[in-house]
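Chemist: Just the structure for this:
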Amino acid sequence: MPPQKPIERAKANFNQGNELKEQGMVAESIESYQKAIQIKPDYIQPLLKLAAIYEEQENWAEAAKCYQRMIGLKPENPNGYLNLARVLRKQNNIYGALSAYKQALEIKPDLPARIYKQYGDLLLKKQDSITLAVAAYKKVIEAEESKPEKSAGVYIKLADTLVKQKNFEEAIYYYQQALALNPENERLYLALGNNYAQQEKFKEAIGNYQKAIELKADYDNAYKSLGNVLRQQGQFDDAIKCYQKALEIKPDAKGIYRLIGDILLTQGKEAEALQCYRKALEN
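Modeler: Residues are numbered from 1 along each chain as shown. Next up, the predicted model:
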């Protein structure tokens with residue numbers, strides 16, 4: 001009987017590894033997959049199996065090595081980079097994961113929207129990559145535009161990211177898009193109010209804060225934000241009422257006493273202001 005060819009021996013070890021894995025003999029299956037790779041170094045299937053086992057074991061470093069080796073064998077396959085990005089994220093290797101995502105997207109720009117979202121979410125972890133995150137989220141929206149059912153989540157992510165850039169006007173547009181999909185979300189009205197306030201469009205800000213409070217009567221942040229805008233407009237008594245309501249809802253928000261104290265001081269009520277400042281400092 002002629003000796004087996006390398007590919008046949010490699011396949012035999014690969015098949016043995018599969019059988020051992022099914023029997024729960026994980027350590028032995030790893031040995032069989034490794035033997036298959038030693039015999040045929042460009043054998044992708046046992047590398048995939050090994051990577052899956054290492055991921056199950058949360059052995060991210062070894063899983064990453066498998067995916068890096070696969071990338072070396074098939075550098076034009078975006079899946080290798082995406083798999084590598086996933087395990088590098090598990091290691092909190094943000095820069096490495098971002099590089100892997102970038103490679104995958106350069107190879108195949110029409111990857112699913114969820115990949116662009118994952119990329120955008122990771123970019124937000126780097127303060128100097130906010131512009132790239134905005135572009136990634138816009139790509140998600142573009143990809144999902146034709147879908148009959150769209151999620152408000154990515155619009156909110158994009159708007160929140162635009163706020164970090166202080167691009168309040170464009171953020172308002174995307175919050176409004178999110179509201180069209182989720183009109184009962186009080187948090188969106190609060191965000192809209194905050195963005196209008198940044199642009200000193202106080203009438204619009206007040207309207208959105210009031211809508212947020214209509215949807216959630218105990219929304220302390222909306223009362224506080226409404227109080228801030230009313231104070232800016234010189235409506236001090238109404239502002240104090242809003243601050244007091246926020247404190248009623250959240251008594252441990254001691255910083256609000258300082259805001260009330262500032263108004264009282266402006267009104268010449270020094271003794272009352274001092275009491276508020278003391279309450280702000282209480283433990």
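
Chemist: So for the chain, which residue is the most central one in space?
Modeler: For the chain, the residue nearest the mean C-alpha position is residue 121 (4.0 Å; C-alpha atoms, centre = their mean).

Chemist: which residues sit in contact with it?
Modeler: 133, 157 (C-beta atoms under 8 Å, 6 or more residues apart in numbering). Where C-beta positions appear, they are placed from N, C-alpha and C, glycine not excepted.

Chemist: Work out for me the element it sits within.
Modeler: Per DSSP states H and E: residue 121 is located in helix 113-123.

Chemist: Name the next helix or strand downstream of that helix, please.
Modeler: Next element after helix 113-123 (DSSP H and E): helix 130-144.

Chemist: Pull out the buried residues from that next one.
Modeler: Neighbour-count burial for helix 130-144 flags 130, 132, 133, 134, 136, 137, 138, 139, 140, 141, 143, 144 (criterion: 16 or more other C-beta atoms under 10 Å).

Chemist: so where's the stretch 101-250 of the chain uncertain?
Modeler: Residues of the stretch 101-250 of the chain meeting the criterion pLDDT under 70: 148.

Chemist: Would you map the helices across the stretch 151-283 of the chain?
Modeler: 153-164, 168-181, 186-198, 202-215, 220-232, 236-249, 255-266, 270-281 (DSSP state H, counting those that start in this stretch).

Chemist: Show me the one of the ones you listed that comes nearest residue 105.
Modeler: helix 153-164 (16.6 Å; C-beta to C-beta).

Chemist: Quick one: list the elements packing against the closest one.
Modeler: helix 113-123, helix 130-144, helix 168-181, helix 186-198 (3 or more C-beta pairs under 8 Å, 6 or more residues apart in numbering; DSSP states H and E).

Chemist: go with 7 Å
Modeler: Where contact means 3 or more C-beta pairs under 7 Å, 6 or more residues apart in numbering; DSSP states H and E, helix 153-164 is packed against helix 130-144, helix 168-181.

Chemist: Check which helices and strands the shortest one sits against.
Modeler: Think helix 168-181. Going by 3+ C-beta pairs under 7 Å, 6+ apart, helix 168-181 lies up against helix 153-164, helix 186-198.

Chemist: Between those, which one is closest to residue 258.
Modeler: helix 186-198 (19.0 Å).

Chemist: got the contact list for that closest one?
Modeler: Outside helix 186-198, the residues within contact range by C-beta atoms under 7 Å, 6 or more residues apart in numbering are 159, 163, 168, 171-172, 175, 178-179, 182, 204-205, 208-209, 211-212, 215-216, 219, 221-222, 225, 229.
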